[in-house]
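# the following comprises the amino acid sequence and a computationally predicted model.
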Amino acid sequence: VTVYQLILAMALLPFSGLGDRIGLKRMYQYGQLVFTVATLLCFFAKSLPFLLVVRAAQALGAAAALSVSSALIRSIYPAKQLGRGLGINSVVVSSSAALAPTLGGLVLAVAPWPWVFASAVPFAILSLILGRALPDPSPRSEPFDVLGAVMCAAMIGLVIGGSETAVHGDSPVVSAAIVLTGVAIGWVFVRRERGETKPILPIDLLARPVLALSAIGAYTAFIAQMTLLLSTPFRLTQAYGFSAAEVGAAIAPWPLANMVVAPLSGWLSDRYPAGLLGGIGMAVSIAALLLLAFMPADPSYFAIAWRMALCGSG
């Protein structure tokens with residue numbers, strides 16, 4: 001899980017800049033293809049090192065597709081319906097991420113773990129086919145900042161990777177050195193990006209409070225969501241004795257609630273301030289997270305389900 005998320009984070013911004021240069025649709029479809037092949041290779045993994053390599057390839061494919069997805073949405077929807085388009089996209093993305101443990105649990109109930117990856121291949125192939133219908137905005141003939149892309153990936157990789165070694169490694173000094181190296185590269189990178197006309201990281205945009213605060217809000221919200229989704233299966237199996245299928249069923253109310261609320265939220269964001277809607281959603285999520293944290297010692301399925309649904313709606 002960590003390798004996948006780390007490579008994904010490292011590659012998103014560089015691939016976004018590259019997508020402008022080679023074409024949004026082409027970048028998206030290339031990413032889909034790499035992801036599909038890597039997912040199939042995960043099925044044949046016989047060792048942990050090989051699985052880590054193909055998971056990294058999976059992440060590169062996902063990063064290529066995700067880096068240009070919002071730009072493609074902007075080219076599909078007119079400006080007055082952009083909130084609706086982003087809402088539909090967010091419900092698909094977040095619901096799929098939350099639904100994945102449910103589907104994985106069902107697969108594990110009847111088959112070995114490699115089939116979790118195999119079951120994803122038809123979805124990836126279908127997505128690759130549907131991607132042919134996407135609009136194809138003309139690429140921009142502008143230089144790609146290779147050094148900036150490398151520094152961006154190194155900054156994110158070293159800071160997050162160093163933090164990971166602090167958790168799982170046995171040398172705090174080495175971990176601190178890795179993180180500080182990433183911070184130093186980041187400091188040089190940010191200073192360099194301020195002088196670039198086509199920066200990998202748009203520092204000038206992040207200087208605007210509305211964008212900076214929105215980015216920080218999204219960042220912390222995703223940390224809360226992923227922390228819960230990654231830790232809940234362990235909590236349910238180790239503390240409450242749930243099977244893999246039961247874990248999936250317990251998490252299912254999250255994506256189901258999300259599928260109902262997210263399109264409504266996107267529709268409302270075209271009519272009411274998005275900041276107000278986001279604030280209400282975060283307040284609901286905070287309440288739901290606290291309710292999940294302080295569940296009774298032996299909760300019923302319903303006790304878990306309604307809390308998960310509340311979290312998904314937030």
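Cool, the structure landed.
# ok, the closest residue to residue 261 other than its chain neighbours - contacts?
Nearest non-adjacent residue to residue 261, counting by CB to CB, 6 or more residues apart in numbering: residue 313, 4.5 Å away. Backbone N, C-alpha and C define where each C-beta goes, glycine included. Contact analysis of residue 313 by CB atoms under 8 Å, 6 or more residues apart in numbering lists 257-258, 260-261, 284, 288.
# so what's the nearest residue to residue 80 once chain neighbours are set aside up against?
Closest residue to residue 80 apart from its sequence neighbours, by CB to CB, 6+ apart: residue 270 at 6.8 Å. By CB under 8 Å, 6+ apart, the contact set of residue 270 is 80-84.
# same check on residue 164?
So residue 164 contacts 2, 6 (CB under 8 Å, 6+ apart).
# so for it, what's the pLDDT?
As predicted, residue 164 sits at a pLDDT of 87.
# and the gap between it and residue 157?
Distance, residue 164 to residue 157, using CB to CB, to the nearest Å: 10 Å.
# just residue 95 next, same as before
On the measure of CB to CB, residue 95 and residue 157 end up 29 Å apart.
# one step back: pull the most distant pair out of the contacts of residue 313.
Pairwise distances across the contacts of residue 313 peak at 15.0 Å for 260 and 288 (criterion: CB to CB).
# comparing those two, which residue is more hemmed in?
residue 288 (22 against 14; other CB atoms under 10 Å).
# starting at the chain centroid, how far to the host helix or strand of the more buried one?
Using DSSP states H and E, residue 288 sits within helix 274-293. Here helix 274-293 shows a centroid-to-chain-centroid distance of 19 Å under the convention CA atoms, centre = their mean, to the nearest Å.
# cool, and stretch 287-299?
The chain centroid and the centroid of stretch 287-299 are separated by 25 Å, computed with CA atoms, centre = their mean.
# and if you look at stretch 49-58?
Centroid separation for stretch 49-58 versus its chain: 17 Å, with CA atoms, centre = their mean.
# report the buried residues of it.
51, 53-58 (16 or more other CB atoms under 10 Å).
# what's it in contact with?
Residues contacting stretch 49-58 (CB under 8 Å, 6+ apart): 3-4, 7, 34-35, 37-39, 41-42, 45.
# tell me where the protein has helices.
All helices of the chain, identified by DSSP state H, fall at 2-22, 24-43, 48-76, 82-110, 114-118, 121-130, 146-168, 172-193, 203-206, 209-238, 244-251, 253-269, 274-293, 301-313.
# contacting residues for the spatially closest residue to residue 31 that is not a sequence neighbour?
Excluding the flanking residues, the one nearest residue 31 by CB to CB, 6+ apart is residue 64, at 2.7 Å. By CB under 8 Å, 6+ apart, the contact set of residue 64 is 11, 15, 19, 27-28, 30-31, 34.
# circling back: next, show the common contact partners of residue 164 and residue 157.
Going by CB under 8 Å, 6+ apart, residues that sit against residue 164 and also against residue 157 are residue 6.
# for residue 92, give me the pLDDT.
79.
# for it, the count of nearby residues, please.
That count, for residue 92 with other CB under 10 Å as the rule, works out to 15.
# again with residue 140
The burial count for residue 140: 11, using other CB under 10 Å.
# that one against residue 22, yeah?
No. Assessed by CB atoms under 8 Å, residue 140 is found out of contact with residue 22, at 9.6 Å.
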